[in-house]
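>>> Structure here, sequence nowhere to be found:
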């Protein structure tokens, strides 16, 4: 895992001001050092500059980047962030075409595959990635991103130069690129946030390369090619065949993602998703005489203040204990206190360059930092709920038929705290409505599906396209901020393609949530874990945390220079801060309730101030 960044202008002569543009590349990689602390370098040519920071996972000796190879007297250069899980297959294809391979690095395999087969070779890649290849022969830069957007890649264009980076902060290192929010950007933060529309870079003229897409930039302009999208297909396998195939696909994805030249570990919550991943990893490591290391997370005094509700029915610790005994893993219990996760709200913004999932993000960032002290690679159970239908909105009729993003059923909790003038200018409901309609129009339904099945298919697509992307962003930024590579086997493309088209009567047969996954995992886990009711990532219920956030926001509002002035209804906000919060009715997802609204406003305040954001509503 690494960071990539750079710039491209087909008519420029960057070498004419070599020191100036090398300094820009140095700044780009310096601000992304956290993503690749092991080594860094850059390359500058006449029309293109590339920068890279490296977290060494595969071929530690020979994977140096930027990497360059020559063909027919012309040079090709690559910077790459990610992991390729089918490198042997790609390597064999190259060998069959008598291509000379010098290293064991997947970076070289990607570059040589591009040189041999062209950009469409990306369809053959099994992995998580964002990479850029510059072709000197044709003066083209091509940016690539993996099928589900596990790895980030942002870009903007300034005065004819395309600037790209793993994180927006890299683009801001290019002179003249500024942080500006127009109505669209504010809607991304205030109406959809912490989700984003696919492709939105939030800042004006910023974009994030869409998942499953590559962008070709040449003297003739820019062209975006979509090489992958979810497809609706009839499912013809029997229930028994479906369970058997799902079992194979899940275990195969986990095993393939264990590839590493450094030790791996797993996150273990005691839920079925992380437990399946941990069980397969433990089994495979035991074959080699090695022990799996596992980590679980909780909050200080949560055993005292935890409040069960329909979204979070139980605590994790008893189930973690059972799994640790079952796996015989080397387990570490990590705990975060309330002050720590409040203090880290600003670091979460630093990691995302945007407001994000507040303490659900900041606490995970803390935990990832602790894990990174001993490991570079972790496998997680992330994405299983999106793929297998684990969320309440797949099951509750009022959510299923909401006609909007089910994790944000109402904008009212947000709008009541914003100034009436801002709400009127943003047209928040219309912005969300248009985003929703655009999203559901992208997926085809099947003729034989009834209205309920059609709604479930659409919600399944929205979960993968929107909600899963938010959680993947969270996992990438929280882990990579400490140089930890997080892998997500449940986002395997072959697995997702198959499970997306399993009919609901199989996915939730007998009314059992995620039935297919549970049945496919028989023999891997104890029944108490296999049939545990879903409980999401833990959060604190300590009243001190809410009071601490409220006091910090009051202090911000007391400052006449606070950038929230003019954006919020201060009277409504002060009333909100003086009342106890409802922990069981989220305004986003399953976990972001009253205290998280305060935290989100604190993040927005910090974000506007740190990035010196200009707001332009005209």
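Received, thanks. In this text, all values refer to a predicted model and were calculated from it rather than measured experimentally. Residues are numbered from 1 along each chain as shown.
>>> Please name the strands paired to the top strand by length along the chain in the sheet, noting orientation.
Criterion DSSP state E: the longest strand present in the chain is strand 74-84. Strand 74-84 sits in its sheet next to strand 67-71 (antiparallel), strand 127-135 (antiparallel), going by DSSP bridges.
>>> Can you tell me which of these is most buried?
Of all the strands paired with strand 74-84, strand 127-135 carries the top mean neighbour count, a mean of 25, counting by mean count of other C-beta atoms under 10 Å. For glycine as for every other residue, the C-beta is placed from the backbone atoms N, C-alpha and C.
>>> Give me the residues contacting that one.
Outside strand 127-135, the residues within contact range by C-beta atoms under 8 Å, 6 or more residues apart in numbering are 4, 6, 8, 45, 48, 50, 74, 76-86, 106, 110-111, 114, 140-146, 150-153, 164, 166, 209, 487-488, 491.
>>> which regions of the stretch 1-150 of the chain lie under the pLDDT threshold?
Scanning the stretch 1-150 of the chain for pLDDT under 70 picks out 1, 57-60, 62.
>>> What of the stretch 201-350 of the chain?
Residues of the stretch 201-350 of the chain that meet the criterion pLDDT under 70 lie in 302-314.
>>> hey, where'd the strands end up in it?
206-208, 213-218, 221-226, 264-267, 293-299, 330-336 (DSSP state E, counting those that start in this stretch).
>>> Same check on the stretch 351-500 of the chain?
Taking DSSP E, counting those that start in this stretch, the strands of the stretch 351-500 of the chain run over residues 377-379, 485-487.
>>> show me what contacts the closest residue to residue 471 other than its chain neighbours?
The spatial neighbour of residue 471 that comes closest, neighbours along the chain excluded (C-beta to C-beta, 6 or more residues apart in numbering), is residue 382 at 5.9 Å. Going by C-beta under 8 Å, 6+ apart, residue 382 touches 273, 471-472, 475, 486, 488, 490-491.
>>> rewinding a little: distance to residue 254 added to the strands paired with strand 74-84, as a markdown table?
Listed next are those as a markdown table, based on distance: least, C-beta to C-beta, whole Å:
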| stretch | distance to residue 254 |
| --- | --- |
| strand 67-71 | 29 |
| strand 127-135 | 14 |
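>>> Could you point out which of those strands sits nearest residue 347?
Nearest of these to residue 347, taken as C-beta to C-beta: strand 127-135 at 22.6 Å.
>>> Which elements pack onto the helix or strand that that closest one is followed by?
Toward the C-terminus, strand 127-135 is succeeded by strand 140-145 as the next helix or strand (DSSP states H and E). Packing contacts for strand 140-145, counted by 3 or more C-beta pairs under 8 Å, 6 or more residues apart in numbering; DSSP states H and E, involve strand 127-135, strand 213-218.
>>> Mind putting these into TSV with distance to residue 618?
Shown next, in TSV, are the helices and strands packed on strand 140-145 (distance: least, C-beta to C-beta, whole Å):
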stretch	distance to residue 618
strand 127-135	34
strand 213-218	30
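>>> Residue 515: which of the ones you listed is closest?
Closest of the helices and strands packed on strand 140-145 to residue 515 is strand 127-135, at 27.9 Å (criterion: C-beta to C-beta).
>>> relative to strand 213-218, how tilted is the closest one?
10 degrees (axes from the mean of the first three to the mean of the last three C-alpha atoms, to 10 degrees).
>>> Tell me how far strand 127-135 lies from the chain's centre.
Remark: strand 127-135 is offset 17 Å from the chain centroid, using C-alpha atoms, centre = their mean, to the nearest Å.
>>> swap in stretch 205-217?
Centre-to-centre, stretch 205-217 and its host chain are 16 Å apart (C-alpha atoms, centre = their mean).
>>> Endpoints of that stretch, how far apart?
In stretch 205-217, first residue to last residue: 17 Å (C-alpha to C-alpha, to the nearest Å).
>>> buried set for that stretch?
Neighbour counts using 16 or more other C-beta atoms under 10 Å place 206-217 of stretch 205-217 among the buried residues.
>>> Stretch 475-495 too?
Quick answer for stretch 475-495 (16+ other C-beta under 10 Å): 475-493, 495.
>>> quick one: average confidence on that stretch?
Computed over stretch 475-495, the mean pLDDT rounds to 96.
>>> what about residue 428, distance to residue 101?
53 Å (C-beta to C-beta, to the nearest Å).
>>> So between these two, which is more surrounded?
Set residue 428 next to residue 101 and count neighbours by other C-beta atoms under 10 Å: residue 428 wins out with 21 against 12.
>>> Helices of the stretch 501-618 of the chain, start to end?
Secondary structure of the stretch 501-618 of the chain by DSSP state H, counting those that start in this stretch: the helices cover 504-507, 515-520, 527-530, 543-558, 570-578, 594-610.
>>> looking at these, which is closest to residue 244?
Residue 244 sits nearest to helix 515-520 of all these, at 7.7 Å, using C-beta to C-beta.
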